[in-house]
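# Structure for this input, please:
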Amino acid sequence: MSNRASPSGGALESATVTANGLLLKKSRGAGVAIAYRRHSAHLMASQNPVAEAPNIWAVAQSQFDHAADKLDLDEDMRRVLRVPQRELTVNFPVTMDDGSVSVFTGHRVQHNVSRGPGKGGIRYHQDVTLDEVRALAMWMSWKCACVNIPYGGAKGGVVVDPKKLSIREVEGLTRRFTTEISPLIGPDRDIPAPDVNTNAQTMAWMMDTYSMHRGYTVHGVVTGKPISVGGSLGRNEATARGAVFTLLKWAEAKSQPLTDARVAIQGYGNAGSIAATLLAEQGCRIVAVSDSQGGILNDAGLDPAKVSAWKREHGTVVGFPGSSDINNQEILEVDCDILVPAALENQITRNNAPRIRAKVVAEAANGPTTPDADEVLFDRGVFVIPDILCNAGGVTVSYFEWVQDMQSFFWTEERINESLKGIMDRAFEAVRAMSDQHEVDMRTAAYMVAVARVAEATTLRGLYP
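Coordinates of the predicted model:
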């Protein structure tokens with residue numbers, strides 16, 4: 001415990017740093033206690049066992065290097081594309097419900113904007129790191145180029161477990177973070193979207209905050225908004241629908257009907273639960289699903305609607321009647337035809353890749369497979385639809401939303417889904433052709449398609465000055 005002088009000349013009473021990093025300051029004059037929490041254990045501590053997995057930024061760079069080697073990319077261009085163009089880290093205070101003040105750390109990274117404004121989600125998670133955001137921004141550059149939409153790559157995140165905050169606290173955090181990164185974002189500069197633990201409401205708060213600073217409504221500053229404030233029909237289902245379109249193209253290419261195909265889905269959030277519903281509509285049998293608390297298995301099949309209702313009521317899929325409990329690692333090794341990783345990064349590694357029994361892995365999540373696991377899966381003949389292709393439906397319909405906002409002219413859901421299918425089908429065919437031409441796996445082929453497009457745009461624009 002120590003005494004410190006206050007700005008007004010008085011002494012601060014009982015200023016002390018506790019074991020969990022809580023700095024308490026009490027002013028004698030006002031009698032008001034303010035608590036500043038930095039990296040508070042109950043708000044931000046990681047409990048994710050994947051945290052010790054390979055560094056995700058190193059993984060992203062390794063994937064780029066591999067594609068660059070295959071393309072025989074110029075060394076100067078490699079140096080440009082191997083690192084982010086712009087990074088912003090902010091530490092910002094938020095007033096909590098109990099009157100205390102917590103300080104949170106957030107990041108916004110723009111990897112490359114040669115093909116258009118930056119595009120990428122905002123995630124709230126206790127394991128967010130700058131390296132993770134760098135990797136995700138790079139992947140967004142490749143993802144947008146892979147499906148050939150006119151965006152560059154960006155990403156953002158805040159180190160926080162939002163499940164431990166009230167709605168009012170999450171809103172306060174969102175509005176302050178938006179203000180802090182506002183020098184970088186804008187409808188012509190960088191357009192955020194939802195990601196892990198953020199949603200349409202989060203985007204509405206971001207849009208409103210940005211608009212308040214401008215003095216007029218700016219719908220196009222973010223995508224993934226509610227329909228009533230400039231959102232797009234079909235956006236909520238877009239990531240899952242795009243993944244299903246790629247699976248349909250895989251089934252067509254392999255003459256492998258989806259009817260009665262057994263499906264396991266790791267991550268029963270927005271993308272995972274909707275993918276389950278859409279695949280069930282195609283005649284697939286959903287045999288296993290999981291969320292952050294665990295998973296369930298039923299070889300006879302699970303009803304996605306009933307599982308979703310159970311999760312809404314109980315907060316988890318665990319305990320669903322008629323199912324057996326499994327964990328998030330076991331679900332990856334379930335006997336199935338289609339495996340859909342729809343959770344976090346680094347889930348399929350060299351250690352468990354030999355035990356993957358699926359015929360095809362459709363990466364609805366970002367970065368679920370490590371490079372060394374890719375090699376194992378390729379050697380074993382497991383077809384991987386890589387994340388920058390498989391889950392690009394979300395950013396594609398985000399692009400449609402942005403176009404609609406900029407024109408103030410909105411499309412029907414039928415037009416949106418038809419346009420999405422056309423883009424996903426063409427992207428799959430381009431990647432498959434690259435894979436066949438160079439005899440490489442689908443991930444390498446997707447990167448080759450994407451990196452070549454970004455490199456071409458960067459070369460044509462030249463270096464300034």
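# Sketch out the low-pLDDT regions of the stretch 151-300 of the chain for me.
Within the stretch 151-300 of the chain, no range satisfies pLDDT under 70.
# Start from the N-terminal end of it and give the helices.
Taking DSSP state H, counting those that start in this stretch as the test, the helices found in the stretch 151-300 of the chain are 167-181, 200-214, 238-254, 270-281.
# List the contacts of residue 162.
With contact set as Cβ atoms under 8 Å, 6 or more residues apart in numbering, residue 162 has these partners: 124, 170, 173, 197. (C-beta placed from N, C-alpha, C; glycine too.)
# That one and residue 381: what is the separation?
40 Å (Cβ to Cβ, to the nearest Å).
# dump the residue contacts of residue 142.
Applying Cβ under 8 Å, 6+ apart to residue 142 gives the contacts 64, 153, 388, 446-447, 450-451, 454.
# Helices - which of these land there?
When DSSP state H is applied, the contacts of residue 142 are split such that 64, 388, 446-447, 450-451, 454 fall in helices.
# Could you find the closest non-adjacent residue to residue 424?
Sequence neighbours aside, residue 245 is the residue nearest to residue 424 in space, at 4.1 Å (criterion: Cβ to Cβ, 6 or more residues apart in numbering).
# Any chance of the helices of the stretch 151-300 of the chain in CSV with mean neighbour count and distance to residue 113 as columns?
What follows is the helices of the stretch 151-300 of the chain, written out as CSV (neighbours: other Cβ atoms under 10 Å; distance: least, Cβ to Cβ, whole Å):
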stretch, mean neighbour count, distance to residue 113
helix 167-181, 19, 15
helix 200-214, 20, 18
helix 238-254, 22, 23
helix 270-281, 22, 26
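# so how far is the first residue of stretch 330-337 from its last?
15 Å (Cα to Cα, to the nearest Å).
# Go through it and flag the buried ones.
Using 16 or more other Cβ atoms under 10 Å as the test for burial, stretch 330-337 gives 330-334, 336-337.
# can you check stretch 97-113 too?
Going by neighbour count (16+ other Cβ under 10 Å), the buried part of stretch 97-113 is 100, 102, 104-113.
# burial of residue 351, as a residue count?
For residue 351, the neighbour count with other Cβ atoms under 10 Å is 12.
# on that earlier part again, out of the helices of the stretch 151-300 of the chain, which comes closest to residue 377?
helix 238-254 (14.2 Å; Cβ to Cβ).
# That closest one packs against which elements?
Here helix 238-254 touches helix 270-281, strand 360-362, strand 383-385, helix 387-390, helix 393-407, helix 413-438, going by 3 or more Cβ pairs under 8 Å, 6 or more residues apart in numbering; DSSP states H and E.
# contact partners of it?
234, 256-258, 270-275, 277-279, 282, 338, 340, 360, 362, 364, 383, 385, 389-394, 396-398, 417, 420-421, 424-425, 428-429, 432.
# wait, what's in contact with the nearest residue to residue 144 once chain neighbours are set aside?
Nearest residue to residue 144 in three dimensions, chain neighbours excluded: residue 151, at 4.1 Å (Cβ to Cβ, 6+ apart). Neighbouring residues of residue 151 by Cβ under 8 Å, 6+ apart: 115-119, 140, 144, 191, 395, 399.
# top of those by neighbour count?
Neighbour max across the contacts of residue 151 (other Cβ under 10 Å) = residue 144, 31 neighbours.
# In contact with that residue, which residues are there?
115-116, 119, 150-153, 392, 395.
# of those, closest to residue 86?
Looking across these and measuring by Cβ to Cβ, the closest to residue 86 is residue 152, at 10.4 Å.
# so that closest one touches residue 139, yeah?
No: contact between residue 152 and residue 139 fails when scored by Cβ atoms under 8 Å: they sit 12.0 Å apart.
# So which of these two has more stuff around it?
Ranked by neighbour count (other Cβ under 10 Å), residue 152 and residue 139 place residue 139 first, with 29 against 25.
# Helices of the stretch 1-150 of the chain, start to end?
Assigned by DSSP H, counting those that start in this stretch, the helices in the stretch 1-150 of the chain fall at 41-44, 56-71, 75-81, 130-146.
# Select, out of those, the one closest to residue 178.
Nearest to residue 178, of all the helices of the stretch 1-150 of the chain, is helix 130-146, at 16.0 Å by Cβ to Cβ.
# the inter-axis angle of the closest one versus helix 393-407?
70 degrees (axes from the mean of the first three to the mean of the last three Cα atoms, to 10 degrees).
# if we can go back for a sec, from the buried residues of stretch 330-337, which two are the most distant?
330 and 337 (17.3 Å).
# pull the longest strand from the protein.
Ranked by residue count under DSSP state E, the longest strand found in the chain is strand 101-112.
# Show me what it is packed up against.
If contacts are counted by 3+ Cβ pairs under 8 Å, 6+ apart, strand 101-112 sits against strand 33-38, strand 86-95, helix 130-146, strand 152-159, helix 167-181.
# tilt between the fourth one and strand 86-95?
To tie it back to what came earlier, the one meant is strand 152-159. If you take the same axes, to 10 degrees, strand 152-159 sits at 30 degrees to strand 86-95.
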